[in-house]
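**Student:** Okay, predicted coordinates and the sequence, questions at the end:
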Amino acid sequence: MPRRGRLLILILLVVGGGAAARVGGGQHYSGSHSSSSHSSSSSRGSSGGSWGGSHSGSYSGNYGGYSGGGSASDLGWALFFVSHPLFTLALIIVAYVLWRAFVRSFGSLASTQRVLEQADARPIQAVSARDVTAWVDALQRRDPRFDLVGFLDQAKALFLRVQAAWSAGALSPVRADLSDATFRRLNVQLALLRLQGVRNVTADVAVLGLEAVGLEQTSAFDTLHVRVRAQARDLDVPAAMPPQEAQSRVSRVAAEPFVEVWSFVRRPGVQTKQRGPNETGRCPNCGAPFDGGAAGNCTYCGAIVNSGSYDWVLAEITQQSEAGAAPGNVPGLEALRATDPALSLEVLEDRASLVFWTWVDAQSRTRPGALAKVATAPFVSELQADVEALRARGRSRAFLQCAVGSVDVQAFDLGPDTTHAAVEIRWSARMGVVASGSAPGGLPVIPQRWVFTLERKAGVRTDADRGMATARCGNCGAPLTDSLEPTCEHCGAALNDGGHDWVLAQAEPYEIWAARPRAVATAAARAPAQDAVLDMRERQRMLFLMAAMARADGQVDDKELRMLKLCAERWGVPFEAVEQALRADPAVFERMVPPPGPGGETFLRSLVQMALVDGKVDRQERRMLEATAARLGLTERLPELLSRFGLG
């Protein structure tokens, strides 16, 4: 062993043998082993800081004649340290600092952190010129006049117009360019701000770059994905603040860069129209002025302007952290298309997004009836019961700064009478259960991963003519109103029974959905890959779920708190947000906790993958897995899960 290594061990032995202090609280160092036992995986006890502690016997080596028997030399060392207390204290501090540096640089904690830091620092995947050329060629085969540069110019102009409309709090100027779900999303977000008595003001919005990053072509739609790199100043100000003062305040805020992926859809075969720079605000079919009416119909030719049948429509805004390849194989999709050829994932995802934002709005305004036209009667009744239970306590749910990361169809389940579609929605919000009528105060940002189960009656077919106009009566095509009636005001058709369009039947966290019989096979087949658990937001979500489980019995003991802190440190998640969540009303977590038994296996599998990001599971990670498995009633299943990844 190198001389410096022997010196460090001698320091630790001497300090460990004193009666005043022990490094990390460990017991007397007294085992008989070689220097190789000082590896990062075996040198730390349950607290992460004790040396030895479980070894017995006597230590005998050539370190100044030290042995376990208490010689005269021992007494001399002891007297020396007792008579020099300041030196002894300094030595203890130096030893502790050296030990912490060693653990942080070479221990399993450091190896996990390095893997996650590398994942967080991964550059955005570049798109090759060959790919872009292939996409342009594919579009030009259907539309010879398509020009990518011209398209990106229009996308940039729309981006700036959407930002301006958002800042003004009025989306009518961009109504024709947005799908129904995107329009609803932005309107609900503006409404949530108004509920807080604030509005969001932006300034100095600049587009730093746009590039095509993907093309999907189906019989229903061409979907072109565009990565937008931009920066802007933005600030929430009181709603009543004069515009001039609001602009003055926002101008003093630092500009922040951001990256989003905007997805544009258009029906195959639609031809590019030559549009001048001042031709916005017109019907894409007949060119007549369009005033941005909520109905989305041209008053001259009757065309549904945002259907995608006449021009590109913005169907989705995805955060870069969630952007990725579309699911390659959706179980049940081909079987359903055999009876419904016009079925489009783009349209279904737009419908699911529309339903999601209606769901958020209904809870924020304690108005479950707002879902009456897009959800089943049992679902609305269940939500009404939740709202009433909270109201009896003088409480309500708050959703602030709500944002959607992605919307993806997971699977179809074709039954004899009903067809179900499972749609995964990744979202986040500053959310909590707060006193009704009061300011929400500080709420934690909680990442969420939910599955919305939509249903419709077997045999119902997609109306291809409506395209991306998903907020319409499935029977007559009239725009949906804000009334609380489950019927169409124009034709009287029932809208909540799935007889004409997809309606919401269930909304639940991913792990709870995965426990349902019809979802088990899908969840297992689509289990999160290693890249999924490396994502920062997924790590945050997993930590919040662990916090929810710890809080489920009404209190969090010291052992559970230490485990949460350890995971936060390992996974690079700020613990302050977890502490904030633990102080929140327990009702926040009621719908988040994975159920005991098989229902929690999906979550436990994700934790195993998280522990394995550095290729091994150390003692502390194993304790974390064992404690979580015990809470989920899966203690007997944990060894099998570990064995799947080559661990015993």
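**Tutor:** Great, that's in hand. Residues are numbered from 1 along each chain as shown.
**Student:** Spell out the secondary structure type for Ala315.
**Tutor:** At Ala315 the chain is in strand, as set by DSSP: H, G, I helix; E, B strand; the rest coil.
**Student:** so where does Arg227 fall, helix or strand?
**Tutor:** With elements taken from DSSP states H and E, the one containing Arg227 is strand 222-238.
**Student:** Could you name the helices and strands sitting against that strand?
**Tutor:** When contacts are defined as 3 or more C-beta pairs under 8 Å, 6 or more residues apart in numbering; DSSP states H and E, strand 222-238 packs onto helix 129-142, helix 148-168, strand 198-217, helix 243-250, strand 256-266. No exception for glycine: its C-beta is placed from N, CA and C like everyone else's.
**Student:** 7 Å instead?
**Tutor:** helix 148-168, strand 198-217, helix 243-250, strand 256-266 (3 or more C-beta pairs under 7 Å, 6 or more residues apart in numbering; DSSP states H and E).
**Student:** Could you give me the buried positions within it?
**Tutor:** For strand 222-238, the neighbour count (16 or more other C-beta atoms under 10 Å) marks 222-230, 232-237 as buried.
**Student:** Compute the inter-axis angle for it and helix 148-168.
**Tutor:** Strand 222-238 and helix 148-168 are oriented at 30 degrees to each other (axes from the mean of the first three to the mean of the last three C-alpha atoms, to 10 degrees).
**Student:** Describe which strands strand 222-238 pairs with in its sheet and in which direction.
**Tutor:** Strand 222-238 has its sheet partners listed here by DSSP bridges as strand 198-217 (antiparallel), strand 256-266 (antiparallel).
**Student:** Output that strand as PDB, nothing but the C-alphas.
**Tutor:** Presented in PDB, the C-alpha positions along strand 222-238 are these (Å, rounded to 0.1, in the frame of the first residue of the first chain):
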ATOM      1  CA  ASP A 222     -48.700  14.500 -43.000                       C
ATOM      2  CA  THR A 223     -47.100  15.600 -39.800                       C
ATOM      3  CA  LEU A 224     -44.000  17.800 -39.900                       C
ATOM      4  CA  HIS A 225     -42.100  18.400 -36.700                       C
ATOM      5  CA  VAL A 226     -40.100  21.700 -36.300                       C
ATOM      6  CA  ARG A 227     -37.600  22.400 -33.500                       C
ATOM      7  CA  VAL A 228     -37.800  26.000 -32.400                       C
ATOM      8  CA  ARG A 229     -34.900  27.500 -30.500                       C
ATOM      9  CA  ALA A 230     -35.900  30.900 -29.100                       C
ATOM     10  CA  GLN A 231     -35.400  33.200 -26.200                       C
ATOM     11  CA  ALA A 232     -37.700  35.700 -24.400                       C
ATOM     12  CA  ARG A 233     -38.200  37.800 -21.300                       C
ATOM     13  CA  ASP A 234     -41.400  36.900 -19.500                       C
ATOM     14  CA  LEU A 235     -42.900  37.800 -16.200                       C
ATOM     15  CA  ASP A 236     -46.200  37.300 -14.300                       C
ATOM     16  CA  VAL A 237     -47.700  40.700 -13.400                       C
ATOM     17  CA  PRO A 238     -50.900  41.800 -11.700                       C
END
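**Student:** still on that earlier bit, with respect to Asp585, which of the strands paired with strand 222-238 lies nearest?
**Tutor:** When the strands paired with strand 222-238 are compared by C-beta to C-beta, strand 198-217 sits nearest Asp585, at 22.6 Å.
**Student:** State the mean pLDDT of that closest one.
**Tutor:** For strand 198-217, mean pLDDT is 93.
**Student:** Also stretch 631-648?
**Tutor:** Mean pLDDT, stretch 631-648: 78.
**Student:** Ok, stretch 155-170 next?
**Tutor:** pLDDT averaged over stretch 155-170 gives 93.
**Student:** quick one: buried residues of it?
**Tutor:** Buried positions in stretch 155-170, judged by neighbour count with 16+ other C-beta under 10 Å: Ala155, Lys156, Leu158, Phe159, Val162, Gln163, Ala165, Trp166, Ser167.
**Student:** one step back: and among the helices and strands packed on strand 222-238, the most buried is which?
**Tutor:** Across these, averaging neighbours per residue (mean count of other C-beta atoms under 10 Å) puts strand 256-266 on top, at a mean of 18.
**Student:** what's the distance between Gln271 and Arg145?
**Tutor:** Here Gln271 is placed at a distance of 6 Å from Arg145 (C-beta to C-beta, to the nearest Å).
**Student:** how about the strands in the protein?
**Tutor:** 198-217, 222-238, 256-266, 313-319, 395-414, 418-435, 445-457, 503-509 (DSSP state E).
**Student:** what's around Leu79, how many residues?
**Tutor:** Other residues lying near Leu79 total 10 when counted by other C-beta atoms under 10 Å.
**Student:** Not counting stretch 227-243 itself, show me its contacts.
**Tutor:** The contact list for stretch 227-243, computed with C-beta atoms under 7 Å, 6 or more residues apart in numbering, reads 159, 163, 194, 197-211, 213, 246, 249-251, 253, 255-262.
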